[in-house]
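*Asks:* please find the sequence and the predicted model below.
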2 protein chains.
Amino acid sequence: MTTRTGPGPRERLLEAARELTYRHGVGVGVDALLREANVARRSLYEHFGGKDGLIAEVLRRTTAEDEDDYLRTMRAAGEDPRARLLAVFDRLAEIVGGPGFRGCRYLAADLALADPGHPAHAVTRDYRERVRRLFEDELVRLGHRSPGRAADQLLLLVDGVLAAGATRPGTNPAISARELAEHILDA
Amino acid sequence: MTTRTGPGPRERLLEAARELTYRHGVGVGVDALLREANVARRSLYEHFGGKDGLIAEVLRRTTAEDEDDYLRTMRAAGEDPRARLLAVFDRLAEIVGGPGFRGCRYLAADLALADPGHPAHAVTRDYRERVRRLFEDELVRLGHRSPGRAADQLLLLVDGVLAAGATRPGTNPAISARELAEHILDA
DNA sequence: TGACGAGTAGAACAACCGGTCGATATAAAT
DNA sequence: ATTTATATCGACCGGTTGTTCTACTCGTCA
């Protein structure tokens, strides 16, 4: 008979950090994280080497999930590249309009961590590059005349939606962005 | 003979805070601010009531300056509302491409200060509203069919440029944004 | 002269920062 | 049965957080 173990300290720590760093920013104290996760201080340093390592690992996980979210959204939109790209902005409208939305985690992390050598920056940079590639691939399939430039513009709109969604609650920037996205796709 | 006084503690403190909160974020310590400004601890609390008051006052000042910058940029672009609005994006290209650019101060402050009651939020909210109105007035003068909606879209582009400029250095998002802005104006 | 206001220097505060470490408990592997 | 790995508690480190307070030095004006 196997004992009912449940998620270990490592998982609990990641989950707590995912939650608290989003609510309070990456400036949350280690004590608060340990308290929330109900995990001994030492476990943090054994598993992640320190607070920075934990933060970077949390971002690594959420970027993977968010990338999956993009992929699923696009897959659900069918085969047409145009419809697939526009679906991204419909999905953004849901996210930004959702009750728990508090801004883009990656943007907040990049702005909060002044040290350019912090491991979190590498994670967010890779993520943005992957999303850009995702857009570019669709634009190529669409037969767009300059897929690279258009991908940059779409990424700009995504950044704008996430920024405006956080700083001007109430407005729904994703709707505005979708219109502009249509123009990009038709150019 | 008048003694050479120079800027008082209040001014020195504001200047130091303007600089340090931009370089290191609003999380800078009070000690660092006092050291940089060469000001006694007590003066901070007499003049601003505390760190939060100082931060809010710094933002109040920079928003006024930045609004002036918008106004001067537009005035220099002549009378045509279309040219005036597009000039904003040329100016953004300069700012984002400049050597000292480290992201948008207001966006960083909003994302870093989790407490919605922090006085800084009111300052940034007012600033965004003033900029939005600036855009809307020009759009009305331009005879745009839906100035409110278009102003929101321009603001979205500005947010996007400032966000992307910070998170994806090297790319020049203002150029991408200018193209989209043209489309908004011609709609 | 004396009072007042503004400034400085710096001690003290309680709370918290990220990080290290010894002691111990548990359970699987040998 | 013994070893090994993992996980836990919790004390402890030096340093810093934002804030309050006392004591002192100026210059100004009455």
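*Replies:* Right, received. Where do you want to start? Here the structure is a predicted model, which means the values were calculated and not measured.
*Asks:* backbone phi and psi for A:A40, please?
*Replies:* Dihedral pair for A:A40: phi -70, psi 150, per degrees, to the nearest 10.
*Asks:* what is the burial count for it?
*Replies:* The tally of other residues near A:A40 (other C-beta atoms under 10 Å in any protein chain shown) stands at 12. In this view, the C-beta of every residue, glycine as well, is placed from N, C-alpha and C.
*Asks:* then the one 10 residues further on?
*Replies:* Applying other C-beta under 10 Å, we find 11 other residues in the vicinity of A:G50.
*Asks:* and it, how far from A:D110?
*Replies:* For A:G50, the distance to A:D110 under the criterion C-beta to C-beta, to the nearest Å works out to 19 Å.
*Asks:* would you mind listing what in chain A touches DNA strand C?
*Replies:* Where chain A comes near DNA strand C, counting by C-beta under 7 Å from any atom of the strand, the residues are A:2-3, A:27-32, A:41-42, A:45, A:50-52.
*Asks:* and the contacts of whichever helix or strand A:E11 is part of?
*Replies:* According to DSSP states H and E, A:E11 maps onto helix A:9-24. Helix A:9-24 is touched from outside by A:7, A:28, A:32-34, A:36-40, A:43-44, A:47-48, A:54-55, A:57-58, A:61-62, A:102, A:105, A:109, B:114, with contacts defined as C-beta atoms under 8 Å, 6 or more residues apart in numbering or on different chains.
*Asks:* now with 6 Å?
*Replies:* Applying C-beta atoms under 6 Å, 6 or more residues apart in numbering or on different chains, the contact partners of helix A:9-24 are A:28, A:33, A:36-37, A:39, A:43, A:47, A:54, A:58, A:105, B:114.
*Asks:* dump the C-alpha coordinates for it into PDB.
*Replies:* The C-alpha coordinates for helix A:9-24 follow below in PDB (Å, rounded to 0.1, in the frame of the first residue of the first chain):
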ATOM      1  CA  PRO A   9       8.100  20.600  -1.500                       C
ATOM      2  CA  ARG A  10       9.500  21.400  -4.800                       C
ATOM      3  CA  GLU A  11       6.100  21.500  -6.500                       C
ATOM      4  CA  ARG A  12       4.500  23.300  -3.600                       C
ATOM      5  CA  LEU A  13       7.300  25.900  -3.700                       C
ATOM      6  CA  LEU A  14       6.900  26.400  -7.500                       C
ATOM      7  CA  GLU A  15       3.100  26.800  -7.100                       C
ATOM      8  CA  ALA A  16       3.400  29.300  -4.300                       C
ATOM      9  CA  ALA A  17       6.000  31.300  -6.100                       C
ATOM     10  CA  ARG A  18       3.900  31.300  -9.300                       C
ATOM     11  CA  GLU A  19       1.000  32.700  -7.300                       C
ATOM     12  CA  LEU A  20       2.800  35.200  -5.100                       C
ATOM     13  CA  THR A  21       5.200  36.600  -7.600                       C
ATOM     14  CA  TYR A  22       2.300  37.400  -9.800                       C
ATOM     15  CA  ARG A  23       0.200  39.000  -7.100                       C
ATOM     16  CA  HIS A  24       3.100  40.900  -5.400                       C
END
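*Asks:* show me which residues of that helix are buried.
*Replies:* By neighbour count with 16 or more other C-beta atoms under 10 Å in any protein chain shown, helix A:9-24 contains the buried residues A:9-10, A:12-14, A:16-18, A:20-22.
*Asks:* after it comes which helix or strand?
*Replies:* Going down the chain from helix A:9-24, the next helix or strand is helix A:30-37, by DSSP H and E.
*Asks:* how far out from the middle of the chain is that next one?
*Replies:* Its chain's C-alpha centre and that of helix A:30-37 lie 23 Å apart, by C-alpha atoms, centre = their mean, to the nearest Å.
*Asks:* now the angle from that helix to helix A:9-24?
*Replies:* 120 degrees (axes from the mean of the first three to the mean of the last three C-alpha atoms, to 10 degrees).
*Asks:* so what does helix A:30-37 touch, helix or strand wise?
*Replies:* helix A:9-24 (3 or more C-beta pairs under 6 Å, 6 or more residues apart in numbering or on different chains; DSSP states H and E).
*Asks:* what distance separates the helix it packs on from the centre of its chain?
*Replies:* Per C-alpha atoms, centre = their mean, the displacement of helix A:9-24 from the mean C-alpha position of its chain is 15 Å.
*Asks:* check which helix or strand covers the residue lying closest to A:L154 once chain neighbours are set aside.
*Replies:* Taking C-beta to C-beta, 6 or more residues apart in numbering or on different chains, and ignoring the residues beside it in sequence, A:L154 has A:F135 as its nearest neighbour in space, at 4.9 Å. A:F135 is part of helix A:119-142, with elements assigned from DSSP H and E.
*Asks:* how near is the closest residue to DNA strand C within chain A to A:R41?
*Replies:* Closest contact between chain A and DNA strand C, by C-beta to the nearest atom of the strand, is at A:G29 (1.8 Å). From A:G29 over to A:R41 the distance is 12 Å, taken as C-beta to C-beta.
*Asks:* done for today, thanks.
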